[in-house]
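**Student:** Quick one: sequence plus predicted model below, questions after.
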Amino acid sequence: MDALDLHPDGYTGTYKLVGGRPCLDFVNTISWPETEREHDWLSSPDNVKRWFSAIDLPFARGKPVDLPALHKTRQLLARVLRPLAHGEQAPAPAVGEFSKAVARAYQSRAIDPESLAWQWTAPQSAADALFPILLDAADLITAGNHERLRYCPSCDWLFEDQTRNGQRRWCDMADCGSRDKARRYYQRSKA
Ligand SMILES: [Zn+2]
C-alpha cells in the first residue's frame, strides 16, 4: 500500500489509507495515538487539503482551514470508534455528542429531484466538510458489523476487515505486519 503524500513535518513514519472507510482513515490521521511517538498528520492546512482530496471529499474552497474544528470532530469519532474496535462499549456521553453532530450532518444533504440521489450542499467550513465522514461513522456504528471493526495491535490504527475470511490483523502488512515478524524472529533467535 502506498503512503499518502502528506508533509511529514520532521516525522519519519508514513500515513496510509488503511481504514477501508473514510471515518476510520480520519481517526487514523493521528499515528501512534497516546504514545510518545504520537504524530498528527492534520496539523497543517496544506495536509488537510491533501487528505480531503485523497479521500475524494470536497473541502470548503477559499476558506481558512479551521484546524480546531477538525481536531474536535476527530477526537469525538475516536472516543466512539476506538472502544468499539477494541470490543468495548462506547461511552454514553461521547455517543450522545456524536448523535447530535450526526443530526446536523443529516440536515445538510438533500435528495436531488432529478437523480433521486443524496446530494451534499457545498461545504462552507471545515465542520461542513466533515459531514460525509460523520454519516459514514453513523452507518458503521448503527448498521456495520462491529466484529469486523478492528485495531492494529501494533500501532492502534483502526480498520474495517473487508477480507473474505475475516483474518486481517494488521493495519498494513508491509509496516506493522513485518515489524511483528522481525520482532518474533529476533525473540526466537535470542532463545
Ligand atoms: Zn499498525
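**Tutor:** Perfect, thanks for sending it. Numbering: from 1, shown residues only.
**Student:** Show the low-confidence segments of this protein, by residue range.
**Tutor:** Residue ranges of the chain with pLDDT under 70: 190-191.
**Student:** Can you tell me which residues in it are near the ion?
**Tutor:** 152, 154, 155, 157, 171, 176 (C-beta under 5 Å from the ion). (C-beta placed from N, C-alpha, C; glycine too.)
**Student:** With residue 143 as the reference, measure out to the fourth one.
**Tutor:** Note on residue 157: its distance to residue 143, by C-beta to C-beta, to the nearest Å, is 22 Å.
**Student:** residues in contact with stretch 177-188?
**Tutor:** Contact partners of stretch 177-188, identified using C-beta atoms under 8 Å, 6 or more residues apart in numbering, comprise 153, 154, 169, 170.
**Student:** rerun at 7 Å
**Tutor:** 154, 170 (C-beta atoms under 7 Å, 6 or more residues apart in numbering).
**Student:** And the helices in this protein?
**Tutor:** Here the chain has its helices, by DSSP state H, at 22-27, 45-54, 67-85, 92-106, 126-129, 131-143, 178-190.
**Student:** Would you mind finding the most buried of those?
**Tutor:** helix 22-27 (a mean of 25; mean count of other C-beta atoms under 10 Å).
**Student:** for it, packing partners?
**Tutor:** Counting by 3 or more C-beta pairs under 7 Å, 6 or more residues apart in numbering; DSSP states H and E, the packing neighbours recorded for helix 22-27 are helix 67-85, helix 131-143, strand 158-160.
**Student:** What are the contacting residues of the longest one?
**Tutor:** Think helix 67-85. Residues outside helix 67-85 that contact it (C-beta under 7 Å, 6+ apart) are 23-24, 26-27, 29, 42, 48, 89-91, 94-95, 97-98, 101, 126-127, 130, 137, 141, 146, 149-151, 158.
**Student:** With stretch 121-132 instead?
**Tutor:** 22, 52, 57-60, 63, 65-66, 69-70, 73, 105, 108, 120.
**Student:** which among those gets closest to residue 9?
**Tutor:** Residue 9 lies nearest to residue 65 out of the contacts of stretch 121-132, by C-beta to C-beta, at 15.2 Å.
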